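>>> The sequence and its predicted three-dimensional model are supplied below.
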Amino acid sequence: MSSVAIASYEVRRLLRDRALPALLIMLLGLGGYAAWNGADWVDKREAAIALVKAQEQQRLAFGRKFVEKQLLLPGPRAVLPPGTMAPLSIGQADAYPFSAETAPMGDYTYMFKRVWADIGSPTVRAAGRFDLAFVIVFLLPLVILAASYDLWSRERERGVAAMVLSQPVAAGPLITVKALARGLVVVLPATAIILVVAAWAGARDPAGLVALALVVIAYGGFWLAVVLIISLFARHSTETAIAAGAVWLLVVVMAPSLTLAVVDLVAPAPSEMWFATDLKSRKTEIVERQRLYRAANPAPVRTPAPRIPDRLRDFYADLVALDNEIASLIAAHQQAQDARRHLLDQVRFLLPSVVVQDALDRIAGSDADRARAFEHQARAAQLERRRLYKRYLDRDVLLTVAEYDQLPGFRFRETGGAFQAGVLADLAALLIAIALILSAAWGLRGRVATP
């Protein structure tokens, strides 16, 4: 019996199964609803960004009237636009700010003051959304398991296994071909459905769709490998179904939760609310000390008076001193965040479901690294505008209207892409997991012949 004949028989049997079309239709319905949720989130985020930009234009137009009367150097309002594959996964986008104030005379606490309350909210951090990534990570395995759990147990129950193995066919290639046939009939159509609903929702980047297809196929391959090794041990379909459900519960639900609990013990997440409170308290103390010093040591009056009042120079000097004093507090907080993030990045490779979620977040542009890159770029834009402000102070000249109109805005520079290093690492972790399971299955292939 050739491998082609085995695969053809398996495909025909699956196509006759009425449960398979029902499973794929259910996946299409849930995937479509999840993709709509993602598209709706993108629309709302883009509407919020449009409002921010409109407010900025109004502010710039209003400030233009006073350019030649005082030193007016507004900072661009920084915004983080959704990625080209954003409808795929909302990910951690709700837990990080998407806009920042970059006024040159604003301190660190000023940048994200409008979103700090939401960032620290446990409701925001805990809230999950029913997006396409959820369908892939949680529900796609159930579809694959439901269509493939009886990979070999049905033959054993009906007594067909002994007859099939009496033919000139090796046990290992036999069950491997059967698993590949399941992949052809289940995983590939499921992948096509996910790609279609993702493109329908607006995620149409070619490279992103290719990366999405590879992640879904690799994840489907992992669950087929799980079914294969379970089939080597289970004698009955009920045993296989129970074992498959238990593995799904362990891999998708319990293991990530338990791992996160361990990480919380080893590297607890620093509280954003406590950090904000400490930072504001420290800032209030420093500002009050500076105020008392300026009151006790007033700057001498210069004659003739400079075009730019010296009080602005004093304010600039105080602001730089404030930044220097709170730098250690900010650095300690960021160090705690980086330590936790590094640990999470390492342990994710042990959890296939987390690896897939991370890959989908990175493809969609809703990962933590992109959000952090936005924060760094916004801070860099603020410091650059502050240096420009200092040059005008040193020259004691005001902006002209032409210079005001030519001030550059903020544009986020993408730091990754569909095939960034993190996505490739996630794919490699999945392939390694599949290889390990298949290696174990190959060593146990003799159990196929066990009645």
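Done, it's in.

>>> use CA for all of it now, contacts and neighbours both
Fine.

>>> Which phi and psi values does Val79 adopt?
With angles defined as degrees, to the nearest 10, Val79 sits at phi -130, psi 150.

>>> tell me the contacts of it?
Neighbouring residues of Val79 by Cα atoms under 8 Å, 6 or more residues apart in numbering: Ile49, Phe98, Ser99, Ala100, Phe410, Arg411, Phe412.

>>> Top of those by number of neighbours, please.
Of all the contacts of Val79, Ala100 has the most neighbours under the rule other Cα atoms under 10 Å, reaching 23 neighbours.

>>> just to revisit the earlier point, pick out whichever of the contacts of Val79 sits closest to Arg289.
Closest approach between those and Arg289, by Cα to Cα: Ala100, at 27.7 Å.

>>> ok, that closest one touching Ala78?
Yes. The pair Ala100 / Ala78 is scored as a contact, 5.0 Å apart, by Cα atoms under 8 Å.

>>> what touches both of these two?
Counting by Cα under 8 Å, 6+ apart, the shared contacts of Ala100 and Ala78 are Ala378.

>>> burial count for Glu288?
Neighbours around Glu288, by other Cα under 10 Å: 11.

>>> For my notes, confirm it occurs in a helix.
Yes. Assessed with DSSP: H, G, I helix; E, B strand; the rest coil, Glu288 lies in a helix.

>>> quick one: contacts for it?
Contacts of Glu288 (Cα under 8 Å, 6+ apart): none.

>>> quick one: contacts for the residue nearest to the spatial centre of the chain?
Nearest to the geometric centre of the chain sits Asp367, at 2.4 Å (Cα atoms, centre = their mean). Neighbour list for Asp367: Gly91, Gln92, Ala93, Asp358, Asp361 [criterion: Cα under 8 Å, 6+ apart].

>>> For it, grab phi and psi.
When read as degrees, to the nearest 10, the backbone of Asp367 gives phi -90, psi 170.

>>> From Gly416, how far off is it?
Separation of Asp367 from Gly416 (Cα to Cα, to the nearest Å): 11 Å.

>>> If you average the pLDDT over the longest helix along the chain, what comes out?
Longest helix of the chain, by residue count under DSSP state H: helix 19-63. In this model, helix 19-63 has a mean pLDDT of 92.

>>> elements contacting that helix?
Under the contact definition 3 or more Cα pairs under 8 Å, 6 or more residues apart in numbering; DSSP states H and E, helix 19-63 sits against helix 132-134, helix 140-148, helix 188-200.

>>> Counting by contacts, list what whatever helix or strand comes next after the last one packs against.
Which is helix 188-200. Sequence order places helix 206-231 as the next helix or strand after helix 188-200, per DSSP states H and E. Under the contact criterion of 3+ Cα pairs under 8 Å, 6+ apart, helix 206-231 touches helix 140-148, helix 171-182, helix 188-200, helix 237-248, helix 352-364, helix 421-443.

>>> The same query, at a cut-off of 10 Å, please.
For helix 206-231, the elements it packs on are helix 140-148, helix 153-157, helix 171-182, helix 188-200, helix 237-248, helix 352-364, helix 421-443, judged by 3 or more Cα pairs under 10 Å, 6 or more residues apart in numbering; DSSP states H and E.

>>> confidence score at Pro168?
Value for Pro168, per-residue pLDDT: 63.

>>> and what of the one 5 residues further on?
What the model reports for Pro173 is a pLDDT of 73.

>>> Number of residues surrounding it?
Residues near Pro173, counting by other Cα under 10 Å, number 15.

>>> surely it meets Trp442?
Yes. Contact criterion Cα atoms under 10 Å: Pro173 and Trp442 qualify, at 9.5 Å.

>>> show me where pLDDT drops low in this structure?
Applying pLDDT under 70 to the chain picks out residues 1-3, 5-6, 113-128, 152, 155-172, 447-451.

>>> Quick check: the farthest pair among the contacts of Asp367?
Among these, the pair separated by the greatest distance (Cα to Cα) is Ala93 and Asp358, at 12.6 Å.

>>> got any residues that touch both of the two?
Ala364, Ser366, Asp367, Ala368 (Cα atoms under 10 Å, 6 or more residues apart in numbering).

>>> Surely the first one is in contact with Ala203?
Read it as Ala364. Yes. Counting by Cα under 10 Å, Ala364 touches Ala203, with 8.3 Å between them.

>>> ok, those two, which is more surrounded?
Ranked by neighbour count (other Cα under 10 Å), Ala364 and Ala203 place Ala364 first, with 26 against 23.

>>> I'd like to know how far the residue nearest to Asp323 when sequence neighbours are not counted sits from Leu279.
Closest residue to Asp323 apart from its sequence neighbours, by Cα to Cα, 6 or more residues apart in numbering: Asp107 at 6.8 Å. Using Cα to Cα, one gets 11 Å for the distance from Asp107 to Leu279.

>>> Repeat that for Pro97.
18 Å.

>>> neighbours of Ser271, just the number please.
Neighbour count of Ser271, defined by other Cα under 10 Å: 12.

>>> try the one 4 residues further on
Residues lying near Phe275 (other Cα under 10 Å) number 16.

>>> That one in helix, strand or coil?
Recorded secondary structure, Phe275: helix (three-state DSSP).

>>> check contacts around it.
Gly120, Ser281, Leu329, Ile330, Ala332, His333.

>>> out of those residues, which is most surrounded?
Gly120 (18 neighbours).
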